[in-house]
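*Asks:* Here is a sequence together with a model predicted from it:
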Amino acid sequence: MGWLALGLLCVLLGIIGAILPLMPTTIFLILAAGCFARSSPRLEAWLLNHARFGPTLRAWRADGAISRRGKIAACSGITIGFVLFMVGAHPRLWLALTVAAFMLACAFYVVSRPTATD
């Protein structure tokens, strides 16, 4: 029951992410698929066969791959998020560098994944 509830919560967060700019979608759906693999084969199959999100989830599951378009979107979101942070928070240098290092590590991880077909 816990995996099912967590999977449904992740789907809800993924839907919100599909609507709101700068909130991730795919990571929540990847987590939901993992939760459903442990609780509901029917919901897992629904996600993996979904017309819009299924190919992305299957590519991630099979090869840890991210499409070129997905990499561009992720890195663009990371960049926009950092710019908004800098403009909105006016952080001290140490905080700005810490956040920049974390975001660069995230971007590097995304770019270093195999590239799936779009």
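*Replies:* Cool, got the structure.
*Asks:* what's the helix or strand for residue 6?
*Replies:* helix 2-19 (DSSP states H and E).
*Asks:* now what about that helix, what contacts it?
*Replies:* Residues outside helix 2-19 that contact it (CB atoms under 8 Å, 6 or more residues apart in numbering): 23-26, 28-29, 31-36, 38-40, 43, 47, 53. No exception for glycine: its C-beta is placed from N, CA and C like everyone else's.
*Asks:* Pull out the buried residues from the residues you listed.
*Replies:* Buried members of the contacts of helix 2-19, counted by 16 or more other CB atoms under 10 Å: 24-26, 28-29, 31-36, 39-40, 43, 47, 53.
*Asks:* hey, where'd the helices end up in the protein?
*Replies:* Under the criterion DSSP state H, the chain carries helices at the ranges 2-19, 26-39, 41-48, 54-63, 68-89, 93-112.
*Asks:* in the longest one, what's buried?
*Replies:* By neighbour count, and taking 16+ other CB under 10 Å as the criterion, the buried residues in helix 68-89 are 70, 71, 73, 74, 75, 77, 78, 82, 85.
*Asks:* go on, the first one?
*Replies:* When burial is assessed from 16+ other CB under 10 Å, helix 2-19 yields the following buried residues: 6, 7, 8, 10, 11, 13, 14, 17.
*Asks:* returning to what we had before: which residue in the buried ones among the contacts of helix 2-19 has the weakest pLDDT?
*Replies:* Ranked by pLDDT, those bottom out at residue 24 (86).
*Asks:* out of everything not next to it in sequence, what's closest to that residue?
*Replies:* Using CB to CB, 6 or more residues apart in numbering and skipping the chain neighbours, the partner closest in space to residue 24 is residue 17 (5.1 Å).
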